[in-house]
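Q: Structure, please.
(one chain, ligands or ions: 1)
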Amino acid sequence: MNVAVPSPSRLTVADTPLVGLKRIQRQYLGDARGCFTRLFCAEELALAGWTKPIAQINHTYTARRGTVRGLHFQHPPHAEQKLVTCLRGEIWDVAVDLRAGSPTFLHWHAERLSRDNGLALLIPEGFAHGFQALTDDVELLYCHSHPYVPQAEGGLHPLDPRLSLPWPLPVGTLSARDAAHPWLAETGFAGVTP
Ligand SMILES: Cc1cn([C@H]2C[C@H](O)[C@@H](COP(=O)(O)OP(=O)(O)O[C@H]3O[C@H](C)C(=O)[C@H](O)[C@H]3O)O2)c(=O)[nH]c1=O
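A: Modelled structure (predicted):
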């Protein structure tokens, strides 16, 4: 008896205005029990430039809308790709091009990610990442292509006038570390070379 095999859930990849930064669309396959979705697929994400094994998977919970985390990156040789997936709630997710010599150096691109819209952001090496919670009770899943190396951590201030990021909500809670990131004008930051 031939039983129709439903088409598998797939990840589709779209470009953004910043070379290498990709918008990933999940599919939800529903049935009477609920739904199934694919969060990571090495074969499909290779098309998006993810070519290394997953080195670390992290989960964050953010309690209050308005909270901002970031903007973070790791300096070479510990630069990392990140796949950011929103499992609960909604965020304004932003990536900034830090690549020295890039024609879009210090340009940013943002996407609203939520469990319901099924969008994720694939952030290449040489980018800083941050987000603002647009709802209470936000949960994110991060796939990293490189382990966490605290000594290699770098950060940009979420309110840096050089970036002028249009956070959708008034910026709420910041970690002490994020609140202490120096402004780019103070550091003469020339970018990173992945
Ligand atoms: C990343 C990491 C952190 N930690 C420790 C360090 C701190 O004691 C604590 C929280 O770290 P942090 O304040 O850096 O976490 P977030 O600000 O939520 O950073 C996250 O959100 C921003 C937007 C990102 O882009 C980061 O990649 C992502 O990790 O966890 C670990 O023990 N292991 C880890 O892999």
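Q: Can you classify the nearest residue to Ala42 once chain neighbours are set aside as helix, strand or coil?
A: Ranked by C-beta to C-beta, 6 or more residues apart in numbering and with sequence neighbours excluded, the top spatial neighbour of Ala42 is Trp50, at 7.2 Å. For the C-beta atoms, the positions are set from N, CA and C on the backbone; glycine is no exception. The three-state label given to Trp50 by DSSP: H, G, I helix; E, B strand; the rest coil is coil.
Q: and the residue nearest to Thr12 when sequence neighbours are not counted, what does it touch?
A: Counting by C-beta to C-beta, 6+ apart, Gln25 is the residue found nearest to Thr12 once chain neighbours are left out, at 4.6 Å. By C-beta atoms under 8 Å, 6 or more residues apart in numbering, Gln25 lies in contact with 11-14, 118-120.
Q: Tell me the confidence at Gln25?
A: You'll see Gln25 listed with a pLDDT of 97.
Q: cool, Glu186 as well?
A: Glu186 is given a pLDDT of 88.
Q: That one in helix, strand or coil?
A: helix.
Q: okay, now it: neighbour count?
A: 11 (other C-beta atoms under 10 Å).
Q: so how far is the ligand from it?
A: 21 Å (C-beta to the nearest ligand atom, to the nearest Å).
Q: Start the count at 56 instead of 1 going forward.
A: Okay, residue one is now 56; in that scheme the one you just asked about reads as Glu241.
Q: what's the spacing between the nearest residue in space to Thr71 that is not next to it in sequence and the ligand?
A: Distances taken as C-beta to C-beta, 6+ apart place His164 nearest to Thr71, at 4.8 Å, with adjacent residues excluded. As for His164, its distance to the ligand is 15 Å (criterion: C-beta to the nearest ligand atom).
Q: Name whatever forms a beta bridge with His164.
A: Beta bridges link His164 to Ala150 when assigned by DSSP bridges.
Q: For the closest residue to Gly246 other than its chain neighbours, give me its contacts.
A: Leaving aside its sequence neighbours, Gly246 sits nearest to Ala155 (C-beta to C-beta, 6+ apart; 3.2 Å). For Ala155, the contact set (C-beta under 8 Å, 6+ apart) comprises 245-248.
Q: how does it look with 6 Å?
A: 245-246, 248 (C-beta atoms under 6 Å, 6 or more residues apart in numbering).
Q: Out of those residues, which comes closest to the ligand?
A: Gly246 (17.9 Å; C-beta to the nearest ligand atom).
Q: Surely that closest one and Ser157 touch.
A: No. Assessed by C-beta atoms under 6 Å, Gly246 is found out of contact with Ser157, at 7.1 Å.
Q: who's more crowded, the two?
A: Per other C-beta under 10 Å, whichever of Gly246 and Ser157 has more neighbours is Ser157, with 17 against 14.
Q: helix/strand/coil for the more buried one?
A: coil.
Q: Contacts only, for it.
A: Contacts of Ser157 by C-beta under 6 Å, 6+ apart: none found.
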